[in-house]
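Undergrad: the sequence and its predicted three-dimensional model are supplied below.
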Amino acid sequence: MTLALSVRWLVEYARRPLNLVLLVAIPVIFVTLSAGALTDFADILGGATDLGEVEAATAGWAAAVLAGVAGFFHVSTSRDADRRLAGAGVGAARVVASRLASTLVLAGLAAIGALIALRLRTTGLAFTPRVVGATLLFAVIYAGIGVTVGALVRSEMNGSLIVVFAWIFDVFFGPAMGNRAPVIRVFPLHFPTLVVTDVASGHSGRLGDLGIAVAWALAATTLAAIWLTLTTRTQRNTTRRSTPSIRRMAAARTAASRQLRRMPAMWVLIVGLPVAFISASIAITPHDPTPVELVEGGRRGLQILSMADVHGAVMVPITIGFLASLAGLFVIVDSAEGDRRLSLTRYRPAEILTVRMAVIAVASLLATAVAVAVTAVSFTAVSWPIFIAANVLVALTYATIGVIVGPLFGRLGGLYVLLLLPFIDIGLAQNAMFDAAPPNWGRYLPAHGAVRVMMDGAFTPGFDETGALLLALAWLAALTAAAAAVFRRVTIA
């Protein structure tokens with residue numbers, strides 16, 4: 001019975017083939033494109049410097065976040081059905097066992113995709129017992145975390161952001177990035193990262209680093225089983241409050257405000273992530289000199305700047321691009337059913353989209369304000385108006401991308417895509433920490449123009465990036481038109 005149910009859950013998951021493809025493809029893309037840059041970043045911060053070691057860690061990191069998000073959605077989208085199934089005589093134990101088994105299969109697929117990517121980049125490293133075992137531990141640990149959050153958190157947006165938020169801090173402030181603070185020892189991926197990078201912690205006791213990593217996997221799976229069993233047995237009132245009838249745009253704005261208040265995790269992320277992520281990133285970055293390509297007086301050339309200042313500047317668009325895209329995704333997806341009902345009344349799709357974009361803009365601009373305020377504590381832009389305006393362009397651009405991705409890919413697939421796209425675009429291609437000038441392929445990505453304007457405002461007294469500004473505005477206009485077309489299609493369908 002348990003095996004049959006597990007197969008059934010996997011078949012249901014595969015009914016959206018795109019999610020299955022992304023589960024394997026995104027680790028391949030993440031590892032292939034990010035391994036070298038993350039190795040350089042770890043070297044800058046004084047962490048693991050061996051290319052193969054950090055590449056192996058990137059495979060585990062990719063498997064972890066995808067397994068965590070997959071585990072969360074695998075459970076959260078089926079809570080009511082699982083309770084009914086358990087109450088119909090199947091029993092909570094069998095339902096829980098089948099959910100956990102199918103989640104671990106999904107975690108295994110994410111790990112396989114990551115190991116394939118690692119194999120493509122390296123010779124033999126991907127399939128050593130140490131790397132294979134550690135990558136599977138990464139995936140199992142976060143699969144357990146995702147299932148636990150799915151059992152406890154009703155909101156799909158809130159729960160998925162909790163998983164992603166935990167993963168961001170687990171990775172970017174972990175031992176591979178040079179962090180040796182005692183507090184990081186309680187992070188789930190601390191010991192698995194030490195295992196995969198072949199670095200002895202010296203504080204693992206009798207169990208050793210591998211033993212504690214295995215203990216984390218067992219503990220995460222056990223905790224997931226316990227909470228999933230408790231919530232599967234518990235009958236909750238799942239009736240949700242319906243959205244009141246909306247007759248005027250003023251009432252629509254009131255409903256939008258209520259939607260914002262029902263998103264506590266998004267507000268915590270919008271405020272907490274810039275404060276913690278940007279300030280900590282600046283604090284751990286050395287003041288070593290680094291070359292950056294800038295334009296001044298119409299002449300393009302290299303300037304030598306402080307690495308800490310460059311990091312302080314580029315962390316702002318990286319953070320707000322990620323947050324704004326998630327705001328666009330979840331606001332549009334969470335309101336899709338109500339928007340389709342509204343389209344049957346006298347409301348036009350353009351009016352509905354205007355209200356939703358107002359909600360998304362508030363969240364995006366708040367993220368921008370917080371990120372700029374945090375970086376201003378340690379970094380001073382040469383031209384704050386240009387710097388702020390450029391980051392607003394980044395926020396609006398990626399918020400609009402979230403609006404497009406949500407209806408096309410759904411919650412799970414959209415989250416997969418938005419975990420990757422801002423990171424590849426802003427975090428890698430446009431990041432002056434890795435290259436003095438963007439690579440040629442990076443010039444075709446959405447944030448290129450806005451980030452060039454941001455760098456101009458951050459480090460030069462005059463404005464010389466008119467072409468980049470026009471490019472950024474063209475991207476925003478094109479994406480807005482695409483968002484309107486996608487929204488109209490899914491709203492009036």
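TA: On my side now, so go ahead.
Undergrad: where does the spatially most central residue of the chain sit: helix, strand or coil?
TA: The chain has L419 as the residue nearest its centroid, 3.6 Å off, counting by Cα atoms, centre = their mean. Following DSSP: H, G, I helix; E, B strand; the rest coil, the label given to L419 is helix.
Undergrad: in the helix or strand containing I226, what counts as buried?
TA: Assessed by DSSP states H and E, I226 sits inside helix 208-233. The neighbour-count check on helix 208-233 (16 or more other Cβ atoms under 10 Å) flags 209-210, 212-214, 216-217, 220-221, 224-225, 227-229, 231-232 as buried. In short, each C-beta sits where N, CA and C put it, glycine included.
Undergrad: and that helix, how far from the chain's centre?
TA: 23 Å (Cα atoms, centre = their mean, to the nearest Å).
Undergrad: which neighbouring elements make contact with that helix?
TA: Contact analysis of helix 208-233 by 3 or more Cβ pairs under 8 Å, 6 or more residues apart in numbering; DSSP states H and E lists helix 79-85, helix 92-121, helix 129-152, helix 190-196 as its packing neighbours.
Undergrad: and those helices as TSV, adding distance to V355, mean pLDDT and mean neighbour count?
TA: Conversion of these to TSV gives the following (distance: least, Cβ to Cβ, whole Å; pLDDT from 0 to 100; neighbours: other Cβ atoms under 10 Å):
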stretch	distance to V355	mean pLDDT	mean neighbour count
helix 79-85	29	81	16
helix 92-121	36	87	22
helix 129-152	30	92	26
helix 190-196	44	89	29
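Undergrad: could I get those helices as a markdown table with distance to F387?
TA: Formatted as a markdown table, these follow (distance: least, Cβ to Cβ, whole Å):
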| stretch | distance to F387 |
| --- | --- |
| helix 79-85 | 45 |
| helix 92-121 | 36 |
| helix 129-152 | 36 |
| helix 190-196 | 34 |
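Undergrad: and of these, who's closest to G338?
TA: Closest approach to G338 among these (Cβ to Cβ): helix 79-85, 19.5 Å.
Undergrad: packing partners for the closest one?
TA: Packing contacts for helix 79-85, counted by 3+ Cβ pairs under 8 Å, 6+ apart, involve helix 92-121, helix 208-233.
Undergrad: can you lay out the ones you listed as a markdown table showing distance to T460?
TA: Below are those laid out as a markdown table (distance: least, Cβ to Cβ, whole Å):
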| stretch | distance to T460 |
| --- | --- |
| helix 92-121 | 37 |
| helix 208-233 | 47 |
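Undergrad: which residues sit in contact with V28?
TA: G113, A114, I116, A117, L120 (Cβ atoms under 8 Å, 6 or more residues apart in numbering).
Undergrad: how close does it sit to I116?
TA: 6 Å (Cβ to Cβ, to the nearest Å).
Undergrad: now swap in R8 and tell me
TA: R8 is 27 Å from I116, by Cβ to Cβ.
Undergrad: P461 now?
TA: For P461, the distance to I116 - Cβ to Cβ - is 49 Å.
Undergrad: equivalent analysis for S102, please.
TA: As judged by Cβ to Cβ, S102 and I116 stand 21 Å apart.
Undergrad: kindly report the same for V54.
TA: 18 Å.
Undergrad: for the nearest residue to A483 once chain neighbours are set aside, what are its contacts?
TA: Once flanking residues are discounted, A483 sits nearest to V403: 4.3 Å by Cβ to Cβ, 6 or more residues apart in numbering. Contacts for V403 (Cβ under 8 Å, 6+ apart) come out as G328, L329, I332, R356, M357, I360, A483, V486, F487.
Undergrad: of those, which belong to helices?
TA: Members of the contacts of V403 lying in helices (criterion: DSSP state H): G328, L329, I332, R356, M357, I360, A483, V486, F487.
Undergrad: V377: which of those residues is nearest?
TA: I360 (27.1 Å).
Undergrad: verify the stated contact: the closest one with A327.
TA: Yes: the criterion here is Cβ atoms under 8 Å, and I360 meets it with A327 at 5.2 Å.
Undergrad: what do those two both touch?
TA: With Cβ under 8 Å, 6+ apart, I360 and A327 have common neighbours A399, G402.
Undergrad: give me the neighbour count for the closest residue to G328 other than its chain neighbours.
TA: Leaving aside its chain neighbours, G328 sits nearest to G402 (2.4 Å; criterion: Cβ to Cβ, 6+ apart). As a burial measure, G402 scores 30 neighbours (other Cβ atoms under 10 Å).
Undergrad: for G402, give me its contacts.
TA: Contacts for G402 (Cβ under 8 Å, 6+ apart) come out as A324, S325, L326, A327, G328, L329, F330, I332, I360, G414, L418.
Undergrad: at 7 Å instead, please
TA: Residues counted as contacts of G402 (Cβ atoms under 7 Å, 6 or more residues apart in numbering) are A324, S325, L326, A327, G328, L329, L418.
Undergrad: now swap in G406 and tell me
TA: Contacts of G406 by Cβ under 7 Å, 6+ apart are G328, L329, I332, V333, G414.
Undergrad: between those residues, which is nearest I141?
TA: Of the contacts of G406, the one sitting nearest to I141 (Cβ to Cβ) turns out to be G414, at 24.1 Å.
Undergrad: element containing the closest one?
TA: Judged by DSSP H and E, G414 forms part of helix 384-422.
Undergrad: do T380 as well
TA: Using DSSP H and E, T380 sits within no helix or strand.
Undergrad: gap between it and A458?
TA: Distance, T380 to A458, using Cβ to Cβ: 9 Å.
Undergrad: likewise A472?
TA: For A472, the distance to A458 - Cβ to Cβ - is 15 Å.
Undergrad: ok, D464 - contacts?
TA: By Cβ under 7 Å, 6+ apart, the contact list for D464 reads V295, E296, G298, D456.
Undergrad: for V316, give me its contacts.
TA: Neighbouring residues of V316 by Cβ under 7 Å, 6+ apart: I278, A371, V372, T375, N391.
Undergrad: double-check that it belongs to a helix.
TA: Yes: V316 sits within a helix when classified using three-state DSSP.
Undergrad: that one: what's its closest spatial neighbour, skipping adjacent residues?
TA: Nearest to V316 is A371, by Cβ to Cβ, 6+ apart, at 4.7 Å.
Undergrad: can you give me the neighbour number for the one you found?
TA: Neighbour count for A371, taken as other Cβ under 10 Å: 27.
Undergrad: which residue sits farthest out from the middle of this protein?
TA: G89 (38.7 Å).
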